[in-house]
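Q: A structural model of the following input is requested.
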Amino acid sequence: MQTVKMVVTGPFNAGKTQFIRSVSEIDVVSTERKLSTREERSIKDMTTVAMDFGRITVDEDLVLYLFGTPGQKRFDFMWEILSEGMLGFIVMVDSTRPETFREARSILETFRAYAPTPYVVAANKQDKEGAWDVEDMRHALRLDAKTKILPCVATDRESVKEVLLALLYSILAEIESDE
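A: Reported below is the predicted structural model:
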């Protein structure tokens with residue numbers, strides 16, 4: 001059996017934990033804690049402090065291990081640890097919060113520096129009012145035409161599966177080109 005480690009990263013409140021929960025066949029191992037500042041609590045009550053972990057069996061020969069990173073800068077020491085051995089990563093971006101796009105771009109560059117593996121960008125919360133169009137997000141994030149940026153709704157299992165499949169196909173294409 002082949003196992004593939006994928007990392008799900010992105011800014012605070014982009015939807016990483018929900019993304020993993022939507023497809024994991026096991027109860028997600030989560031290190032969420034209550035937020036400490038009033039500003040953070042105005043957005044949501046909990047945050048990931050170390051990682052989230054989920055698993056999905058694609059078929060009898062392939063299992064995906066999904067590791068979600070903390071989104072807050074104060075926990076970024078976990079990023080390099082979680083990137084060890086990853087075969088690809090997903091950068092989650094909240095399509096409704098353009099003020100987080102610069103941070104998302106910075107996180108993408110950080111993970112590319114950790115490992116030159118395939119990646120995709122998930123434009124999350126596409127079902128929400130005020131969500132940016134995917135191509136407008138491509139421009140704002142300064143992504144070239146080759147970079148896969150996919151519409152996503154982290155609460156929708158099928159939407160999450162589409163993002164995971166896009167990354168998996170990119171990983172398989174890279175493996176085949178190396179052979």
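
Q: Strands of the protein, residue ranges please.
A: Here the chain has its strands, by DSSP state E, at 2-9, 29-34, 46-59, 62-68, 88-94, 119-124, 149-151.

Q: Dump those strands to TSV, plus mean neighbour count, distance to D76 and mean pLDDT.
A: Backbone N, C-alpha and C define where each C-beta goes, glycine included. Shown next, in TSV, are the strands of the chain (neighbours: other CB atoms under 10 Å; distance: least, CB to CB, whole Å; pLDDT from 0 to 100):
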stretch	mean neighbour count	distance to D76	mean pLDDT
strand 2-9	20	10	93
strand 29-34	14	15	61
strand 46-59	18	11	75
strand 62-68	21	14	92
strand 88-94	27	14	97
strand 119-124	27	17	98
strand 149-151	18	23	98
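
Q: got the ones you listed as TSV, with distance to I171 columns?
A: TSV is the format used below for those (distance: least, CB to CB, whole Å):
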stretch	distance to I171
strand 2-9	7
strand 29-34	23
strand 46-59	12
strand 62-68	10
strand 88-94	5
strand 119-124	10
strand 149-151	15
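
Q: Let me know which of the ones you listed is the nearest to E179.
A: strand 2-9 (14.4 Å; CB to CB).

Q: Give me the contacts around the closest one.
A: 16, 19-20, 52, 61-69, 71, 79, 82-83, 85-92, 107, 111, 164, 167-168, 171 (CB atoms under 8 Å, 6 or more residues apart in numbering).

Q: Can you mark which positions in the top helix by length along the chain are buried?
A: In the chain, with assignment by DSSP state H, the single longest helix is helix 157-178. If you call a residue buried by 16 or more other CB atoms under 10 Å, then helix 157-178 has these buried ones: S159, V160, V163, L164, A166, L167, L168, S170, I171.

Q: Surely S24 is in contact with L66?
A: Yes - checked against CB atoms under 8 Å, the pair S24 and L66 is within contact range at 6.7 Å.
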